[in-house]
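Novice: Below is the sequence, then the predicted model.
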Amino acid sequence: MKLVKLSSAKKIQLLIIPVVVLSFCFLGMLWLSISSLALSVMLYVCFGFLGFALLLLSAIAFKALSRLSIEPHDKTQSNMKFIKMGSTHMTHPHLENSIELTGDELTNQLQARRYMEMLIRAALSNQEFTLLYQPKLSTKTGRICGAEALVRWFHPELGWFSPNEFIPIAEETGLIIPLGHWVIKTVCEKIKKWHEMGFEHLKISLNLSAYQFRKGDIVEDIANVLWETQIAPYSLELELTESVLMENTEKCVLMLDVLKSMGISISIDDFGTGYSSLSYLRRFPIDALKIDKSFVNNINEKTQEDTIIRAIIAMAKGLKIKTIAEGVETKEQANYLIKHEVDELQGYYISMPLTEDEFTTQLYEDNAQVVALKH
Ligand code: C2E
Ligand code: CA
Ligand code: CA
């Protein structure tokens, strides 16, 4: 399906028609004044009739074309730039035209959702998804100890989509199951490759959605992929948000216990932004807390964020849980977090998310530095 809206050039073209019609009427009146009365009356009636018919036709055409219409999607003319879909706004800077749906809100949402669902489905079969790896730095060794796998989608016509745009729709439509499976499989294959290159210390984390826990057979899926790729389970870390843990507690405890017994690590993403109940920290087999970037953003010795971060670190230490700070953007933030003994740092100050090849280069450079230090 393609979303179409009348361009301003076309509107101008249509406005010309009534102007021409009125000119005809004016000419008729002129003729009336200079010719014989009978002939003039006859011509005036003809001109008038013609003018009225054209006016009527142009009005109908203008109204019809001004309305947004849905047509079969023409792959060469994708021009959706802006769709309002509930709370999700998708913007695509590479596109020339701007579209706003003008039907009623519910119809627009359903149409836009179906459109995105179709795009995601096609993207899965066309292999348009890719993974970036954002390095994590160990504050103890000063080395890259792992990375977080972050999904990206490049559509050949619409350009890049941020995961914040398509993950919620993939969750709503259930497409997160095949997409999540692809992420797990790809991450495990890459871990195998990096381990074979000699980087056995690497631990790669991936994000899991609540839906994957609720509906998917996540334990079996991961177990199968581990068996296929033959990688050590300790090299895989799963990032879950607090909401996942709170949603389906009993089932969740069971699933996480099984994953943990397989040797896989579990970390809590965006820690501090979700539920305030901390009792789940005792119930679930958690290995790490990822301190949310909103806290890291504003740390300095005098803010409330400082108090919160120090409390999180102290609590994690007491529970023997690792801490990872995400969204580290400045040297000051990094120094502060090192001083307060956070275990790992992740953020633009350490590195942007990298392609597979860039991350491999980074690993070799990191290794070279360590080797140089030893000699
Ligand atoms: P997240 O798990 O909190 O991922 C961290 C996000 O912060 C990433 O955005 C990353 O690019 C960004 N980031 C990294 N360093 C910095 C920094 O220093 N400053 C700031 N301001 N931001 C930084 P991204 O890649 O756009 O991912 C957004 C969200 O999409 C992720 O948030 C995660 O919840 C979700 N996501 C990404 N990949 C997957 C996936 O494979 N599966 C699922 N279910 N969700 C995913
Ligand atoms: Ca994450
Ligand atoms: Ca996060």
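Specialist: Yep, that arrived. Residues are numbered from 1 along each chain as shown. Ligands and ions are numbered 1, 2, ... in the order given.
Novice: ok, the biggest strand by length in the chain: who's next to it in the sheet?
Specialist: When the chain is scanned for its longest strand (criterion: DSSP state E), the result is strand 144-155. Here strand 144-155 has these sheet partners by DSSP bridges: strand 129-138 (antiparallel), strand 159-161 (antiparallel), strand 203-207 (parallel).
Novice: List the buried residues of that strand.
Specialist: 144-153, 155 (16 or more other CB atoms under 10 Å). Yep, even glycine has a C-beta here, placed from its N, CA and C like the rest.
Novice: Check stretch 115-124 too.
Specialist: Result for stretch 115-124 [16+ other CB under 10 Å]: buried residues 115-117, 119-120, 123-124.
Novice: Switch the residues you listed over to CSV; also include distance to ligand 3 and secondary structure.
Specialist: Putting the buried residues of stretch 115-124 into CSV (distance: CB to the ion, whole Å; DSSP: H, G, I helix; E, B strand; the rest coil) gives the following:
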residue, distance to ligand 3, secondary structure
Tyr115, 28, helix
Met116, 23, helix
Glu117, 26, helix
Leu119, 25, helix
Ile120, 22, helix
Ala123, 23, helix
Leu124, 24, helix
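Novice: pLDDT of the host helix or strand of Ala314, averaged?
Specialist: Following DSSP states H and E, one finds Ala314 within helix 304-318. Averaging pLDDT along helix 304-318 gives 90.
Novice: Let's see that helix as PDB, backbone CA atoms only.
Specialist: In PDB, the C-alpha atoms belonging to helix 304-318 read as follows (Å, rounded to 0.1, in the frame of the first residue of the first chain):
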ATOM      1  CA  GLN A 304      20.500  13.700  43.500                       C
ATOM      2  CA  GLU A 305      21.600  11.400  40.700                       C
ATOM      3  CA  ASP A 306      24.900  11.100  42.500                       C
ATOM      4  CA  THR A 307      23.100   9.800  45.600                       C
ATOM      5  CA  ILE A 308      21.000   7.400  43.600                       C
ATOM      6  CA  ILE A 309      24.000   6.000  41.700                       C
ATOM      7  CA  ARG A 310      26.000   5.500  44.900                       C
ATOM      8  CA  ALA A 311      23.000   3.700  46.400                       C
ATOM      9  CA  ILE A 312      22.700   1.400  43.400                       C
ATOM     10  CA  ILE A 313      26.400   0.600  43.400                       C
ATOM     11  CA  ALA A 314      26.400  -0.100  47.200                       C
ATOM     12  CA  MET A 315      23.200  -2.300  46.900                       C
ATOM     13  CA  ALA A 316      24.700  -4.200  44.000                       C
ATOM     14  CA  LYS A 317      27.900  -4.800  45.800                       C
ATOM     15  CA  GLY A 318      26.000  -6.100  48.800                       C
END
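Novice: Can you name every helix or strand that that helix contacts?
Specialist: On a contact count with 3 or more CB pairs under 8 Å, 6 or more residues apart in numbering; DSSP states H and E, helix 304-318 meets strand 288-291, helix 293-297, strand 322-325.
Novice: buried ones in the longest one?
Specialist: Neighbour-count burial for helix 293-297, with 16+ other CB under 10 Å as criterion, is recorded at 293, 295-296.
Novice: Could you see whether ligand 3 lies near it?
Specialist: No. Helix 293-297 does not reach ligand 3 (CB under 5 Å from the ion); its nearest approach is 6.7 Å.
Novice: Where does pLDDT dip in the stretch 201-350 of the chain?
Specialist: For the stretch 201-350 of the chain, the stretches with pLDDT under 70 are 248, 275-276, 301.
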